[in-house]
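Chemist: requesting a structural model of the entry that follows:
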Amino acid sequence: MREAPRARSVLSRLDRAVFAQVASRTWPAAEPVLPRLSRFADRGVLWCGIAAGVWALGGARGRRAAARGVASLALASATVNTLAKGAVRRQRPVIDRVPLARRLPRQPLTTSFPSGHSASAAAFTTGVVLESRGLGAALVPVAASVAFSRVYTGVHYPSDVLVGMALGVGAAFAVRGLVPTRDLVPVPARPRAKVPALPDGDGLVVVVNASSGAGPQLVDPAVQIATLLPKAEVLLCRGGVDSLTDLLETAAAEAARRGGVFGVCGGDGTVNAAVAPALRHRVPLLVLPGGTFNHFATDLGVDTVADGCHALAEGHAVRADVGRVRLHGVRGAGREGREPVYFVNTFSLGVYPDLVRLRERWSPRIGGPAATLLGAARVLRTAVPLRAEVNGKPRSMWFLFAGNGVYRSVGLAPLRRHDMADGLLDVRIAQAGRLARPRLLATAAGGLARTRLYAAARTTTLRVTGLPADTHMAYDGEVVPAARGLTLDKLPEALTVYRPLTD
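Modeler: Residues are numbered from 1 along each chain as shown. Reported below is the predicted structural model:
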């Protein structure tokens, strides 16, 4: 029984001795930096600022890393400030030995154990590391400096900092337990396809849509492709839709003639335009993310241009389903009247096309669930239910959604697919009815499955008829007039597409 108090006494003396050593030593290079860094980390300001930069400039992986880092920080901060500090109530160190130049202008009023700043720094950095080791490695020195600054400025003992960092790391892993990182959820890798490996890009004809999306690009995709695949033929499109369509057709035909690979760099709309030429000429497709939204590439595990180029160089590919919309009773001429419409992500009718546009416009700034909720609130204020027959049954509905493959989701927002070749359409219908408008709005960001006004099914075919003349449909981010009747089905494993594989 006496050993425990004795051990605590030894640890306490060691803790105070290390604190005294730090206080008494001269640190000329640290004096102008660490106190300011410590203050800037108050209330997570430093980490939220870094998260905003990573979100804006880091692409899909950066957005995931920023979101996970902030979520981990929030959990760590709540745990430390509401539970740990109140349970221990350790007094702050006496700072008489700490030089005045190091001391903070305002001394903290909370208890000392554990260090909240250290917990936040470790939690945010670990959360980022779990999504992106490269980004996280760049933050490790910053997090370590913030943690050390708490001892340097005299507001924490070393043990406060070490325990705070341990709690922060634990919070990040707890968040990962609730929302697994991609390395814990295998990306779709079946069925694998036999494709050529092109280490230097010889045989690749790739179209880069320079006008695709508005996302910031730190490196020009065309330059990056030319660097990683020096023998690839890169065709740059700067024109409109017609110009892109013609260029994609030419590139697919040339790739087929060479017995090579057809590539496309752009957002979801650009990828969608490349599907028909790829199917027509029976060539494998290389998808490289280059737009504001790259859902198909992301679901394949191709987060960056480099990911796709490495998959091509190693000859790794899978077969993926393609959704098809056959149109009946088309009014007027046009592409939709001559051939089916294909989609690799989603198809929708009703308010969903407008909701998709609003959500994708706002989600980079405020996040997917919040953008979905605000978009739903805006759309539903003036929306009128869509009346049509679905598989012969009359329905009044706010929207009809069909995914190319089964999606995980939060409320209205489809998230990631685990299987790109499951042969299924993920169909969801939000039906109109008494008090449907407020009930749909209340559940827009989650829990739609709990209301009778929401219907879901997984099927291979869906027929919609009797659509009003002014109906629009959305597919892969494109919104166009619909036909009077539609038949949705699947082309199982029709598209061969490169993606990095992990065994």
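Chemist: can you give the domain ranges for the chain?
Modeler: The chain breaks down into these domains under automatic domain parsing: 13-178, 204-311, 346-475.
Chemist: pick the most deeply packed of those domains.
Modeler: Ranked by mean neighbour count, the domains of the chain are led by domain 204-311 with a mean of 21 (mean count of other CB atoms under 10 Å). Yep, even glycine has a C-beta here, placed from its N, CA and C like the rest.
Chemist: measure that one end to end?
Modeler: Terminal residues of domain 204-311 lie 13 Å apart, using CA to CA, to the nearest Å.
Chemist: mean confidence score for that domain?
Modeler: Mean pLDDT, computed over domain 204-311, is 89.
Chemist: and if you look at stretch 80-91?
Modeler: Averaging pLDDT along stretch 80-91 yields 75.
Chemist: residue 473 against residue 350, yeah?
Modeler: No - with contact defined as CB atoms under 8 Å, residue 473 does not reach residue 350; the gap is 9.3 Å.
Chemist: if we can go back for a sec, got the domains of the chain as TSV, with distance to residue 193 columns?
Modeler: TSV is the format used below for the domains of the chain (distance: least, CB to CB, whole Å):
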stretch	distance to residue 193
domain 13-178	24
domain 204-311	7
domain 346-475	10
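Chemist: to residue 491, which of those domains lies closest?
Modeler: The minimum distance between residue 491 and these falls on domain 204-311, with 7.6 Å, by CB to CB.
Chemist: the stretch 151-300 of the chain: helices as residue ranges?
Modeler: Counting by DSSP state H, counting those that start in this stretch, the segments of the stretch 151-300 of the chain that form helices are 158-178, 221-228, 241-258, 268-281, 295-300.
Chemist: can you add distance to residue 145 and give these back as a markdown table?
Modeler: Shown next, in a markdown table, are these (distance: least, CB to CB, whole Å):
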| stretch | distance to residue 145 |
| --- | --- |
| helix 158-178 | 12 |
| helix 221-228 | 32 |
| helix 241-258 | 48 |
| helix 268-281 | 40 |
| helix 295-300 | 33 |
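Chemist: state the distance from the nearest residue to residue 203 once chain neighbours are set aside to residue 231.
Modeler: Sequence neighbours aside, residue 260 is the residue nearest to residue 203 in space, at 3.0 Å (criterion: CB to CB, 6 or more residues apart in numbering). Residue 260 is 11 Å from residue 231, where distance means CB to CB, to the nearest Å.
Chemist: the stretch 101-250 of the chain: strands as residue ranges?
Modeler: Under the criterion DSSP state E, counting those that start in this stretch, strands of the stretch 101-250 of the chain are mapped to 204-209, 233-237.
Chemist: now render the ones you listed as a markdown table, adding distance to residue 495.
Modeler: Shown next, in a markdown table, are the strands of the stretch 101-250 of the chain (distance: least, CB to CB, whole Å):
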| stretch | distance to residue 495 |
| --- | --- |
| strand 204-209 | 16 |
| strand 233-237 | 20 |
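Chemist: those strands: which one's closest to residue 313?
Modeler: Residue 313 lies closest to strand 204-209 among those, at 10.2 Å (CB to CB).
Chemist: got the contact list for the closest one?
Modeler: Applying CB atoms under 8 Å, 6 or more residues apart in numbering, the external contacts of strand 204-209 come out as 198, 221-222, 225, 229, 231-237, 244, 247-248, 251-252, 254-255, 258, 260-267, 270, 274, 286, 288, 290-291, 312.
Chemist: tell me what the lengthiest strand in the chain is packed against?
Modeler: Determined from DSSP state E, the single longest strand within the chain is strand 485-498. Packed against strand 485-498 by the contact rule (3 or more CB pairs under 8 Å, 6 or more residues apart in numbering; DSSP states H and E) you find helix 268-281, strand 285-289, helix 305-314, strand 317-328, strand 425-431, strand 462-465.
Chemist: between those, which gets nearest to residue 58?
Modeler: Closest approach to residue 58 among the helices and strands packed on strand 485-498 is made by strand 285-289 (12.3 Å; CB to CB).
Chemist: other residues contacting that closest one?
Modeler: Strand 285-289 is contacted from outside by 59-60, 204, 206, 221, 225, 261-265, 267, 271, 274-275, 278, 296-298, 300, 302-305, 308-309, 311-312, 495-498, using CB under 8 Å, 6+ apart.
Chemist: need the helices and strands packed on strand 485-498 in CSV (columns: distance to residue 147).
Modeler: Putting those into CSV (distance: least, CB to CB, whole Å) gives the following:
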stretch, distance to residue 147
helix 268-281, 41
strand 285-289, 35
helix 305-314, 32
strand 317-328, 43
strand 425-431, 45
strand 462-465, 55
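Chemist: among these, which comes closest to residue 91?
Modeler: helix 305-314 (51.5 Å).
Chemist: hmm, residue 130 and residue 64 touching each other?
Modeler: No - Residue 64 lies out of contact with residue 130 (CB under 8 Å); the separation is 9.4 Å.
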